[in-house]
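Asker: sequence plus predicted model, see below.
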Amino acid sequence: MGKIIAKAAILYRGRSYKPGEALPCSDPRMVDAWLRAGTAAEEGKKPEEKKPEAKKPAAKKEA
């Protein structure tokens with residue numbers, strides 16, 4: 001895994017990281033959480049397109 005770069009402001013272990021700053025990779029659980037949340041990205045990797053989520057059918061109204 002390469003460098004992880006913040007895409008949003010992140011507070012981690014008492015330090016603030018601004019967008020564009022490298023994040024620590026020492027905690028794999030946090031790295032995974034940042035990547036899944038979209039608040040960080042791997043340096044040099046193209047961002048994946050988000051697929052639209054399926055919509056739930058609307059509840060039926062009783063008359």
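Answerer: That came through, no problem.

Asker: for stretch 4-11, the distance to its chain's centre please.
Answerer: Here the centre of stretch 4-11 is set off from its chain's centre by 9 Å, with CA atoms, centre = their mean, to the nearest Å.

Asker: for it, what is the average pLDDT?
Answerer: Average pLDDT, stretch 4-11: 96.

Asker: need the contact partners of that stretch.
Answerer: Counting by CB atoms under 8 Å, 6 or more residues apart in numbering, stretch 4-11 makes contact with 16-23, 25, 31, 34-35, 38-43, all of which sit outside it. Yep, even glycine has a C-beta here, placed from its N, CA and C like the rest.

Asker: how about stretch 16-25?
Answerer: By CB under 8 Å, 6+ apart, the list of residues contacting stretch 16-25 from outside reads 1, 3-13, 31, 34, 40, 43.

Asker: before we move on, back to that, PyMOL command to pick out the buried ones of the contacts of stretch 4-11?
Answerer: Remark: buried members of the contacts of stretch 4-11, expressed as a PyMOL selection using 16 or more other CB atoms under 10 Å:
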select buried, resi 17+23+31+34+35+39+40+41
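
Asker: quick one: end-to-end length of stretch 9-28, please.
Answerer: The stretch stretch 9-28 measures 19 Å between its terminal residues, going by CA to CA, to the nearest Å.

Asker: can you check stretch 36-56 too?
Answerer: End-to-end distance for stretch 36-56, by CA to CA: 22 Å.

Asker: do the same with stretch 8-18
Answerer: Criterion CA to CA; first-to-last residue distance in stretch 8-18 is 6 Å.

Asker: give me the distance from it to the chain's centre.
Answerer: Chain-centre distance of stretch 8-18: 14 Å, with CA atoms, centre = their mean.
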